[in-house]
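Novice: return atomic coordinates for the entry below.
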Amino acid sequence: MAVVAARQLRSPAFRRRTTVRRYRARLAAVGVSMFALLAGFVFAGAIELALTVPASAQSFTYNPRPPKPPPRPANNDGRMLVQAVEVDYDYNNQRVSAVGNVQMFYNGTSVEADKVIYDQKTKRLHAEGNIRLTDAEGKVTYANIMDLSDDYRDGFVDSLRVDTADDTRMAATRADRSAGNYTVFENGVYTACAPCKDNPKKPPLWQVKGARIIHDQTDKMLYFENAQLEFFGVPMAYLPYFSTPDPTVKRKTGFLMPAYTTVTGYGYGVETPFYWAIAPDYDATFNPRFTTRQGVLLQGEFRQRLINGSYQIRAYGIDQLDQSAYAGQPGDRQFRGGVDTKGQFALNDKWVWGWDGVLLSDYYFFSDYRLAQYKDPLGSFLSLPTEAISQLYLTGVGNRSFFDARTIYYLSFSGNQDQVPVIHPVIDYSNVFNRPILGGEVSYKTNFTSLSRETAAFDPITTLANTASLCTTTSADPLARTPSQCLLRGFPGTYTRLTAEAQWRKSYTDPFGQIWTPFAILRADAINSSVSNQPGVSNFLPVGDTQALRPMPAVGLEYRYPFINVQPWGTTTIEPIAQVIARPNETYAGKLPNEDAQSMVFDASNLFAIDKFSGYDRVEGGGRANVGVQATTQFDRGGSVNVLVGQSYQLYGLNSYAVKDATNTGLDSGLQNTRSDYVGRINYSPNRTYTFSVRSRVDEATLNVNRFEAEGRAAFDRWSVSMIYGNYAAQPELGYLTRREGLLGSASIKVASNWVVSGSARWDLEANKLNQYIVGAGYVDDCFVLAANYVTSYSYSAGTTPPVLSHAFMLQIGLRTIANSSSSAGGSGIQ
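Specialist: Model prediction:
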């Protein structure tokens, strides 16, 4: 009996039966160690070993039947759960084995395998068969065989595949780990593209294969040996060696992908950016551009982010080798360079302050070297700017108030810097009272502007060459620069104005449904100007010092009477509108500088504006009535139509729009007569796909069309298109001697799920030619960007030099987590 009992005690079946009964606590502790070893071999963007698990977990579950994979517990309160068909503890060999649908859960991390063995003698863990390890962050590691030492320093994994939370993937026939820091992937493959849903075995859009891929966990770097870049499984490029930060790294010191450019002035160029991650809160990029014709253009950028904001500084410089490339231009000099900076900081949740600053050796430096460019959302080149702005600002936004103060210096790329004003400060403040006063809403706003300009800026109002030359500041003709020949766009001297305006308004509806809105406005301008007596200026403005106080009170009433008609197909509202304004004449009309109110477009959008001037330097005076009818139809099945037509009348006093000022603002606007032109608009939107709009201004006496615009837009799932037609009558008082007519069209087509083709063009119908166009195509998905653009744009030089039409082509390629590279080419010709 004793022998039989002894044999029973040593039999495997008896040992299995006693597992749960006698060694439950010990197995739990050993199981935790097993789990910790498995969890240690995790690819975290590259390969990252997980933290050790405390051996204090004391929970163990035994299930003799193959279970269905349960959902992974989010948190087990420090306990580890183990499930398997069979758990065996071998006393003699000191091995613990879990066999058959093994599942382990601990603190949001799970391990699944066909078999897991932990050898206490060798202190190694061996797992095999359909291994799947998922950590709490969503990183998933797949393997067929995994063998590790218990200190995680050494081991190997066969048939490894890793899917990370940021959608990067890596696979290898074998991975060996050594020295607790290095992991070597044999025949490794890396990609940031998702597998094809219909055919997961199909090669991804791009992948990098390497005979060996080495991951340095300390430096968080991936090193590829004998690597090749494949697109759709076809090798496209070969690199014997390259390195890149692993995907967990957001910032890493090293070289970035190069960029290639070609421009006539400097030839071919290659940029080799070097990024320096100095500290967590600041970094720098050094970006030398090696050109074939001008030498090396040095570029550097420093960035720092603070608790309440950030700033950056860029510097450029080149010692040009071939100055003759820019002969007769501002770039005809040996050294060229510049500095630009910007920053913004929050004082609290309502106030921010910041700056933009630019300093250049010459005004054409940015344009010549394509350093300042407007780009589309993909980063492709679109056009060159015409100016740079240096400013210091403070902005505050409240619930019903707004404050903005800034000082501005415009750096003109046209070369006429002395004709560009310097804005000492411009300050705006507006506020709406929270509580009504006399039953109505009270608001007020203020504006303070101070500026100066060195030299007068004249524009000719004729295309005749001999007359146009009379408007230049260098002309010695005594008859030069007269109002019949020129406009004074900018006066020389200094100008300061303080404007304050308060408004009260109340609306109420009478028993008949009529809406009455009385209003009262009090505005005052305090102006001090000092106009330099340069040649021709006295023909437009009084020279010397001028102080003026310009009050402008106004009272008025707006009347609306909406009629509503409800039909089974929709609702129509017809609303007559009348507005009457009483106020005195504009004082000093045409005798003061006009800097911010030079634009004057009269149409249906400002028909009922109390003051139709676009800025503060002019103010509308005299009695005026604005009348019109608005009709809106809302269809029950969707869609709407809105129509507005009207006219404005000068009731009494001086018509401000008929007074000549230095820029002739108001003349040829349609408001210069007692009875204005007719204005109207029609907006039609049958559904969310289509929108159509027509805007027109018709001469009151002749019914000739003085201004006409028609616009149509359509947006579908895969494509969108827009077209704008404009037809504008001659405005000789403003320098437009002939009718202007043109088309501006744009379209974007999604030719495939990730492919987009877009383009836009402007056609001058009077000259019968395309004068600007952009054509581009792009591919964008979760791992790859390809964009190509061909762009034309105009750039302007000093004096009467005709504009230069520039042509540019840019190609951009981006591989997510690996590289982003671009190439551009450009040329120009006088048009």
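Novice: can you count the residues close to residue 414?
Specialist: If you count neighbours by other CB atoms under 10 Å, residue 414 ends up with 18. Quick note: C-beta positions are derived from backbone N, CA and C, even for glycine.
Novice: would you agree it falls within a helix?
Specialist: No - using DSSP: H, G, I helix; E, B strand; the rest coil, the secondary structure at residue 414 is coil, not a helix.
Novice: pretty sure it is touching residue 388, no?
Specialist: No - Residue 414 is beyond contact range of residue 388, at 11.8 Å (criterion: CB atoms under 8 Å).
Novice: what pLDDT does residue 99 get?
Specialist: Listed pLDDT for residue 99 reads 87.
Novice: tell me which element it is part of?
Specialist: strand 95-106 (DSSP states H and E).
Novice: and that strand, C-alpha only, in CSV?
Specialist: In CSV, the C-alpha atoms belonging to strand 95-106 read as follows (Å, rounded to 0.1, in the frame of the first residue of the first chain):
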residue,chain,number,x,y,z
ARG,A,95,9.0,24.2,-13.6
VAL,A,96,5.6,25.8,-13.8
SER,A,97,3.6,25.2,-16.9
ALA,A,98,0.3,26.6,-18.1
VAL,A,99,-1.0,24.8,-21.1
GLY,A,100,-4.0,25.3,-23.4
ASN,A,101,-5.6,28.7,-24.1
VAL,A,102,-3.5,30.4,-21.5
GLN,A,103,-4.7,33.9,-20.6
MET,A,104,-3.2,36.2,-18.0
PHE,A,105,-4.6,39.6,-16.9
TYR,A,106,-2.9,42.1,-14.6
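Novice: start the count at 367 instead of 1 going forward.
Specialist: Taking 367 as the first residue, the last one we looked at is strand 461-472.
Novice: after it, next one along is what?
Specialist: strand 475-485.
Novice: what pairs with that following strand, and is each one parallel or antiparallel?
Specialist: strand 461-472 (antiparallel), strand 490-500 (antiparallel) (DSSP bridges).
Novice: out of those, which one sits most buried?
Specialist: strand 461-472 (a mean of 22; mean count of other CB atoms under 10 Å).
Novice: from the chain's centre, how far out does it sit?
Specialist: Put simply, strand 461-472 sits 51 Å off its chain's centre (CA atoms, centre = their mean, to the nearest Å).
Novice: a markdown table please, covering the strands paired with strand 475-485 and showing distance to residue 1077.
Specialist: Shown next, in a markdown table, are these (distance: least, CB to CB, whole Å):
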| stretch | distance to residue 1077 |
| --- | --- |
| strand 461-472 | 61 |
| strand 490-500 | 54 |
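Novice: relative to residue 731, which of those is closest?
Specialist: strand 490-500 (55.1 Å; CB to CB).
Novice: specify the angle between the next helix or strand after the closest one and strand 475-485 in degrees.
Specialist: As assigned by DSSP H and E, the chain's next helix or strand after strand 490-500 is strand 506-515. Angle, strand 506-515 to strand 475-485, by axes from the mean of the first three to the mean of the last three CA atoms, to 10 degrees: 20 degrees.
Novice: what helices or strands is strand 506-515 leaning on?
Specialist: helix 390-406, strand 490-500, strand 521-529 (3 or more CB pairs under 8 Å, 6 or more residues apart in numbering; DSSP states H and E).
Novice: list the neighbouring strands of that strand plus their orientation.
Specialist: Paired with strand 506-515 in the same sheet, following DSSP bridges, are strand 490-500 (antiparallel), strand 521-529 (antiparallel).
Novice: what's the closest of the ones you listed to residue 599?
Specialist: Of the strands paired with strand 506-515, nearest to residue 599 by CB to CB is strand 521-529, at 17.2 Å.
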